[in-house]
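Colleague: coordinates for the following, if possible.
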Amino acid sequence: MSKYDKLKHTLLNRLEELEQSKENDEEFETTELSNYDNHPADNATDLTDQHTRLALRKHSEEEIADIKEALTAIEEGIYGVCTECGKEIPMERLEAVPSTTTCVDHAQQGVNEEIRSLEESVLNSTTDQPVEDEDPRLRDYSNSFETLEEVGSSDTPSDKQ
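Modeller: Prediction:
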């Protein structure tokens, strides 16, 4: 009997849960037959639900891959050894994250820049303090709203009749 039998059992149970969940996962369907008369907030809710479901599905697929990698390592007798440095992974870490194949020092802890949304690079700056390498076509480098507000806004008497 191996010292990793309990962890193998935990991994197999989790793998079965994820695979059953994947089989029972229904494709996203909107509650409306047509988007023509939908309120924009209803469309936004549907879109948010769809993005959430896609993110959860991707997370599940990654977890399944990690579990299968750990189960393979158990079968090959290399489970519990860091794939990066070759040091033994403490049992406490294996109990906390049974699908891990790396020690804490080599665990992926940084932000994956490839999955960041493209909008973040544009939305970080303001008109008054633009980003140096920003595409000049994205911004007019002036406070356009203040110019428009001089003509009138919903707060000015010109709109109240």
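
Colleague: can we go C-alpha only for contacts and neighbour counts from here?
Modeller: Noted.

Colleague: measure stretch 67-85 end to end?
Modeller: Criterion C-alpha to C-alpha, to the nearest Å; first-to-last residue distance in stretch 67-85 is 20 Å.

Colleague: show residues contacting it.
Modeller: With C-alpha atoms under 8 Å, 6 or more residues apart in numbering as the test, stretch 67-85 has contacts from 4, 8, 11, 15, 87-91, 94, 98-103, 106.

Colleague: filter the residues you listed down to the ones in strands?
Modeller: Among the contacts of stretch 67-85, no member falls in strands (DSSP state E).

Colleague: mark which of those residues are buried, thanks.
Modeller: The neighbour-count test (16 or more other C-alpha atoms under 10 Å) marks 4, 8, 11, 15, 89, 94, 98-103 as buried among those.

Colleague: low-confidence ranges, the protein, go.
Modeller: The model of the chain has pLDDT under 70 over residues 1, 25-37, 109-114, 116, 118-144, 156-161.

Colleague: quick check: longest helix of it.
Modeller: Longest helix of the chain, by residue count under DSSP state H: helix 40-76.

Colleague: in it, what counts as buried?
Modeller: Neighbour counts using 16+ other C-alpha under 10 Å place 46, 50, 53, 57, 60, 63-64, 66-71, 73-74 of helix 40-76 among the buried residues.

Colleague: out of those residues, which is nearest to Phe145?
Modeller: Checking the buried residues of helix 40-76 against Phe145 with C-alpha to C-alpha, the nearest one is Asp46 at 31.0 Å.

Colleague: for that closest one, give its distance to Met91.
Modeller: Asp46 is 43 Å from Met91, by C-alpha to C-alpha.

Colleague: same check, this time on Gly152
Modeller: To Met91, Gly152 is 67 Å away according to C-alpha to C-alpha.

Colleague: which residue ranges of this structure form helices?
Modeller: With DSSP H as the criterion, the chain has helices spanning 5-24, 40-76, 91-96, 119-123, 144-151.

Colleague: residues contacting the first one, please?
Modeller: Contacts of helix 5-24 from elsewhere in the structure, counted by C-alpha under 8 Å, 6+ apart, are 57, 60, 64, 67, 71, 74, 94-95, 98-99.
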